[in-house]
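> Let me see the structure of the following:
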Amino acid sequence: MRGEAGWQVPSLAMTTHTSTTGLLVLMSRTVPWRRPKPDARLAGGDAVTRAAGAALALADGPAVPGPQPAASVAAANVTSASLATLCSPTMRAVLSAALAAALVLAFVAAGVAPARAGDVTFVTISGRITDASTGQPIVGACVAITAPGGTCQPQFPRTDASGVYSITLPQNLTWTFNFVACDYRTVTRNVYTDRTKTEDQALTYVGTPKPAPLGGTPTNSVYLPNVTKTLGGPSGWDTPFIVQNVDATNATDLELNFYRFSDGCLVTRRIVNGLQPFRSYPDIPSKDADLPSNTQLSVVIRSFGANAVAVVNEIQGGGASFQGLSYTGSSAGSTTVYLPNVTRRFFGYDVPFIIQNLGTAQARISVEFVSFDTTVRYGLVVLADPRQSAVVDPNFLPGYNGTPNSGLRDGYQYAVTVTSDQPVAIVVNAHNEAGAPVAYSHNGLSAPGASRLYAPYAGKNADGVGRTTNLVVQNVGTASVAPTLTFTPLGGGAPQTFTLPTIAAGAARAFEPLYADGNSAQPRCGGASASCLGDGAYSVTIDAPGGQIAAVALPFSATTVMAYTASPSAAPRAFLPNVTRTLGGASGYTTPIYVQSAGATAVDVKWYDFNTGTLALTQSAVTLPAGGAIQIDPRAVAGLADDRQYAVVVEGVGGGVVAVVAQLAFTGGDAALLYEGFPGN
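Modelled structure (predicted):
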């Protein structure tokens, strides 16, 4: 999310570095949109010490995105490689040489440099961090080598299971050490690196008691990379989320863990007991007294007794300035994730994406951009600690200067492939404030992709508001493909099929229905023909025989935009945690369901009342057209109550189904959100 106009960006663009491999290295953290640039980070006044401090400060990034003096950039380019590896024992040898080179560059800038990197001698500072009251080791504490009050970032060392840390630094300098641990008072003191030595530290506990975690092994876990409470102020971003028990027979207990975005500390833990089968539990951060205001969090939900799923609604503002986005929680993550449509200053869109580390160790995450026309390629590396989220904002990455891998070009669309040594989950949050503000969100698509994808809803000048759906297809295989898109009218009818031009491996193409052949370089077209999709609402199947593809659907109107990912598979059931009928009044949220057949001839639809937890209604044997989809509008379902919220289970008859839910209100602004149903047995 962005930081102008009263809200804040957790922007990794402010901690960018070019590593020795030529990739940009980003450190995971949340920072103010405009922060003062830190002074030299070493105590002491001699020129060499100040120069070394400046080199280390550069590893923390510029205060404001923009060009840096040549000497500073050179120092940052090398320093970052060392700091990015400080935590990795296997990289200590690389660290010493790289940091020495960085310091040489800084010394040159100060006019007092040694002749070569080999003239810098290094020593190791290690120690044990413990609880001042109990003497027990504090696991996961870190030593932040920064200005006083600095926070822990992935480039700094953390304590192991014995509370021990270790760091290698240049000799005969005075460094500012911040001993930092969650729920403990930070201690800041200067350490002189005259020799290899031990620096222990005891910390005082100042946290508040939290409920104990539930014991045993969870049935499953759900990860929410981005949850906020009034981020940016009272009318800022708030993200209510809904958790559904998807087991037919077993109740489940939920453990909700809220981790602060900036440092990964556990803010609070909430226990929800006895969520019954197929029922949903809502959590509204703006009403949670145990969460601080103006806060960004990552959330881990652990479910004990049954599998659970979750959907997150991100909302901000009101009236004409309202914005709404929606994404779904991830249960497993992946070491390879695809983002078919990421842009840089493209018709007003800013498309940052949030990466959450679902693993147990620090993640080294490679991000590769390929422009749709394959002329621009760019790579960077992100570091994220376990459970923490990191943000990549293309608008604040380096710009393309004509040389390979130099940066991103404005006005371009990119296919992005993310690979990690730990499983990750990704959420894309796109914003456009060039006119009336609009926004959309969707999940990243986990490897390996599929040769057939299902998209239950797409339109052209549809829904009485001119809603049209652009579809972006990414080739995630190793050979070129030319996917076909088959559009079948909702409720059934004659399909129309179009073939995209060949897509190179790793690249993507868009099908834009307003134009002939779905190609925006062609003229706009009207009625249905061999080269033109007719007006109306459709379901879509996307096929690439022998290939592997991923896709995102982007429905938009003059004042709204939504997004969802096409499904690579169907299942006997689809779980929908949040379905509403005129929630909040006649103009409030109503959520049409779009159900697509993947072999099923009909569906049974079960509606569970949020308020009572009871089964309110069952629709039996609702017909599905072969290869097509239907819309189920809660307002048209007899037996459902107005101003009511439901958890819904869609069960296929005779085959699989895929479903999405459009969350629509008529209160002004961008009150349109869409999420994918969860497949299940």
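
> Closest to the centroid, which residue in this protein?
For the chain, Ile354 is the residue whose C-alpha lies nearest the centre (C-alpha atoms, centre = their mean; 2.5 Å).

> give me the element that one is part of.
Using DSSP states H and E, Ile354 maps to strand 353-357.

> pLDDT weak spots in this structure?
Within the chain, the segments meeting pLDDT under 70 span 1-119, 147-150.

> which ones are touching Ser334?
Contacts for Ser334 were tallied using C-beta atoms under 8 Å, 6 or more residues apart in numbering; they are 423-425, 446-447. C-beta here means a position set from N, CA and C on the backbone, and glycine is covered the same way.

> Export only the CA atoms of the strand holding Ile354, formatted as PDB.
Only the C-alpha atoms of strand 353-357 are listed here, as PDB (Å, rounded to 0.1, in the frame of the first residue of the first chain):
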ATOM      1  CA  PHE A 353       3.200  -7.200  -3.900                       C
ATOM      2  CA  ILE A 354       3.600  -8.600  -0.500                       C
ATOM      3  CA  ILE A 355       5.600 -11.800   0.200                       C
ATOM      4  CA  GLN A 356       5.200 -13.700   3.400                       C
ATOM      5  CA  ASN A 357       7.800 -16.200   4.500                       C
END
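
> Show me what it packs onto, helices and strands only.
strand 220-229, strand 363-371, strand 377-384, strand 389-392, strand 412-432 (3 or more C-beta pairs under 8 Å, 6 or more residues apart in numbering; DSSP states H and E).

> Tell me which strands it pairs with, and in which orientation.
Strand pairing for strand 353-357, using DSSP bridges, gives strand 389-392 (antiparallel), strand 412-432 (antiparallel).

> which of these sits most buried?
Across the strands paired with strand 353-357, the average number of neighbours (mean count of other C-beta atoms under 10 Å) peaks for strand 389-392, which reaches a mean of 28.

> Any figure for the gap between the closest residue to Pro352 other than its chain neighbours and Asn257?
For Pro352, ignoring the flanking residues on the chain, the nearest one in space by C-beta to C-beta, 6 or more residues apart in numbering is Asp393 at 3.9 Å. Asp393 sits 26 Å away from Asn257, going by C-beta to C-beta, to the nearest Å.

> If you count surrounding residues, which of those two has more?
A count of neighbours by other C-beta atoms under 10 Å puts Asp393 above the other of Asp393 and Asn257, at 24 against 19.

> Tell me where the stretch 201-350 of the chain has strands.
201-203, 220-229, 241-245, 252-260, 266-275, 280-283, 295-304, 308-316, 323-328, 334-346, 349-350 (DSSP state E, counting those that start in this stretch).

> Need the ones you listed in TSV (columns: distance to Leu617).
Converted to TSV, the strands of the stretch 201-350 of the chain look like this (distance: least, C-beta to C-beta, whole Å):
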stretch	distance to Leu617
strand 201-203	56
strand 220-229	27
strand 241-245	17
strand 252-260	23
strand 266-275	20
strand 280-283	15
strand 295-304	26
strand 308-316	21
strand 323-328	24
strand 334-346	37
strand 349-350	40
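
> Identify whichever of those lies nearest to Pro211.
Nearest to Pro211, of all these, is strand 266-275, at 5.0 Å by C-beta to C-beta.

> then that closest one to CSV, C-alphas only?
Extracted in CSV, the C-alpha atoms of strand 266-275 (Å, rounded to 0.1, in the frame of the first residue of the first chain):
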residue,chain,number,x,y,z
LEU,A,266,3.9,-11.2,18.2
VAL,A,267,1.5,-8.4,19.0
THR,A,268,-1.3,-10.6,20.3
ARG,A,269,-2.7,-14.0,20.2
ARG,A,270,-6.4,-14.8,20.1
ILE,A,271,-8.1,-18.2,20.7
VAL,A,272,-11.5,-19.2,19.2
ASN,A,273,-12.9,-22.4,20.5
GLY,A,274,-15.4,-24.8,18.9
LEU,A,275,-15.9,-23.4,15.4
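
> what kind of secondary structure is Asp410 in?
Following DSSP: H, G, I helix; E, B strand; the rest coil, Asp410 is assigned to coil.

> and it, how many neighbours does it have?
Per other C-beta under 10 Å, the neighbour tally for Asp410 reads 12.

> distance of Val552 from Tyr440?
Separation of Val552 from Tyr440 (C-beta to C-beta): 9 Å.

> what do these two both touch?
Counting by C-beta under 8 Å, 6+ apart, the shared contacts of Val552 and Tyr440 are Ala563.

> Compare those two and say which is more crowded by neighbours.
Counted by other C-beta under 10 Å, Val552 and Tyr440 do not tie: Tyr440 has more neighbours, with 30 against 26.

> which one is the more buried one nearest to, not counting chain neighbours?
Sequence neighbours aside, Ala563 is the residue nearest to Tyr440 in space, at 4.0 Å (criterion: C-beta to C-beta, 6+ apart).

> And that neighbour, how far from Ile315?
15 Å.

> More neighbours: which of those two?
The neighbour comparison of Ala563 against Ile315 (other C-beta under 10 Å) goes to Ala563, with 27 against 23.

> quick one: contacts for the more buried one?
428, 430, 440-442, 552-555, 674.

> want to throw the helices and strands packed on strand 353-357 into JSON lines with distance to Leu583?
Formatted as JSON lines, the helices and strands packed on strand 353-357 follow (distance: least, C-beta to C-beta, whole Å):
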{"stretch": "strand 220-229", "distance to Leu583": "21"}
{"stretch": "strand 363-371", "distance to Leu583": "38"}
{"stretch": "strand 377-384", "distance to Leu583": "36"}
{"stretch": "strand 389-392", "distance to Leu583": "29"}
{"stretch": "strand 412-432", "distance to Leu583": "23"}
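
> between these, which gets nearest to Gly518?
Distance to Gly518, taken as C-beta to C-beta, is lowest for strand 412-432 among the helices and strands packed on strand 353-357, at 14.4 Å.

> OK, contacts around the nearest residue to Gln356 once chain neighbours are set aside?
Excluding its sequence neighbours, the residue lying closest to Gln356 (C-beta to C-beta, 6+ apart) is Pro225, at 3.6 Å. Pro225 makes contacts with 298, 330, 354-356, 389, 425-427, as judged by C-beta under 8 Å, 6+ apart.
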